Structures are given as C-alpha cells and as structure tokens.
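1. Next input, structure requested:
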Amino acid sequence: MKPRSIHYSFVARGTTILAEYCASSVDFRKAALSYLAEVPPDQSVFSVTRGPHTFNYFTGGGYNYLVVADEDIGNQIPFVYLERVKGEFQRSYGGSRASKLTAHSLDDQFGVVLKMQMDFCMENPQEMDTHVHSKLRSHVLEVKSILMDNIDQILPLARTNTDADAIAVRAKEFYESQKRRRRKNRCKIGMIALFISLLLGIRVIHYLGE
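-> Next up, the predicted model:
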C-alpha cells in the first residue's frame, strides 16, 4: 500500500470551515487558516510550502477550498483535487444554499466527499494527467479562438513584414504602444482624482472659514 500523500482538506465560507476531513494525526487546521490570510485578494489559486507539505488553495465567490499534500507530489494532483471538490460542492450547495450554514455543519455529509476525492486522486494519477491535458487543450483552443477573432489586426503585420525579425519588431512596437496608452490613462485618472481632492479641500477650508 502506497503511503498517503494528501492529508487534510476543508471547504470554508470565508474563514468559517463548513466541512473538513483529515487523514492524518497531524492537526493542520490552524496552520491552514493562518496561511489562508496570506492569499492575495486578486488571486484565485494559491500555494505555500511549509516543511514537507504544500498548502494549496482555490478561492472564489466567498468560498475557500484547501488541500494539504506532500511537497514531493507537486501541485498538479492537489489542484486537480481542488477542482473536483469545488465542482462537487457547487453542485450540492451552489447559489445561496451554503450562505447560512454553520461551522462544521457539513463535516459528516461533505467530509465523505473530501475523503472520496482524496482516495480517487491518489489511486488514479493517470486520470490527473488526462485532466491536465484536457484543460491545456481547451486553453489552446481558447487562444486559437481569440486569434481568429482578431485576425484582421494580425494579418497586416504578416502582409507588410515578411521578415521574421521585422514582424517581431512590429509586435514589440504594438505592445509598447498599448502599454504607453494604459500608462497615459492611469495618469489621467490620477490627475482627475487629484483635481477632485483639491476641490474638496478648498470647499472644506471655505466651510471652516465661514
């Protein structure tokens, strides 16, 4: 029997753990909640390594999904596991059905799902590879679709520049121009915000002086 490589998992609403399952004698809960506070607000996927374990998170819609695994198995299996858990949870408790659940109220009901998904991911590593390849293929198709939708902007580069180096130069110029435009827009927004702040300051001073 292979040693267990996935040890602990939970589903939480914010920091309120709704369901958890631990296959180890080690208490990972406190550490998992503390690392959850380190997840950047603009990131939906996050992983932190502490000692021989990785703490892997999916976040979104006010819910957080965690799995603790051995570092030596990498991130592929843990994140496929989290995708499967997230899908199961949303199918069962999506919408507002989980909004009023109390802490650990799903330990029995959904804890079984966490265990089943752990066992499946550890016993079927080939399925993990298939899942990743499928996602990669969908991303390639998505990129292809975007390129086809913007073919009118891409073709002029190819028509006017048959030399590869020239095409690369034009592509870089296009990228730089877009970056300058974004920077210019940010400057405009900053100037508008400064102007509004000055107006408010003048109004406050005027008001206090009356």
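2. Let me see the ranges of the helices in this structure.
-> For the chain, the helices defined by DSSP state H cover 29-36, 76-93, 107-123, 125-149, 151-160, 164-209.
3. Surely residue 71 and residue 48 touch.
-> No - between residue 71 and residue 48 there is no contact under Cβ atoms under 8 Å: 10.7 Å. For glycine as for every other residue, the C-beta is placed from the backbone atoms N, C-alpha and C.
4. any common contacting residues for those two?
-> Here residue 71 and residue 48 have residue 54 as joint contacts, going by Cβ atoms under 8 Å, 6 or more residues apart in numbering.
5. Return the member of the helices of the chain having the minimum mean pLDDT.
-> With a mean of 49, helix 125-149 has the lowest mean pLDDT of these.
6. Does residue 7 touch residue 27 like I think?
-> No - applying Cβ under 8 Å, one finds residue 7 not in contact with residue 27, separated by 10.6 Å.
7. Which of these two has more residues huddled nearby?
-> residue 7 (18 against 10; other Cβ atoms under 10 Å).
8. and the gap between the residue nearest to that one when sequence neighbours are not counted and residue 69?
-> Once flanking residues are discounted, residue 7 sits nearest to residue 24: 4.2 Å by Cβ to Cβ, 6 or more residues apart in numbering. According to Cβ to Cβ, to the nearest Å, residue 24 and residue 69 sit 11 Å apart.
9. Give me the common contacts of the two.
-> residue 7.
10. quick one: which of these two has more around it?
-> residue 69 (27 against 12).
11. Tell me the bridge partners for that one.
-> residue 6, residue 54 (DSSP bridges).
12. Quick check, pLDDT for it.
-> Reading off the model, residue 69 has pLDDT 96.
13. So that it lines up with my notes, have the first residue be 58 from now on.
-> From this message on, residue numbering opens at 58, which makes the last subject residue 126.
14. Wait, it touches residue 113, no?
-> Yes - between residue 126 and residue 113 a contact is recorded at 6.7 Å, counting by Cβ under 8 Å.
15. what's the overlap in contacts for the two?
-> residue 135.
16. What is the neighbour count of the residue nearest to residue 77 when sequence neighbours are not counted?
-> The shortest distance from residue 77 to any non-neighbouring residue, by Cβ to Cβ, 6+ apart, is to residue 67 (3.9 Å). Residue 67: 27 surrounding residues under other Cβ under 10 Å.
17. who's in contact with residue 67?
-> Neighbour list for residue 67: 74, 75, 76, 77, 78, 86, 89, 121, 122, 123, 171 [criterion: Cβ under 8 Å, 6+ apart].
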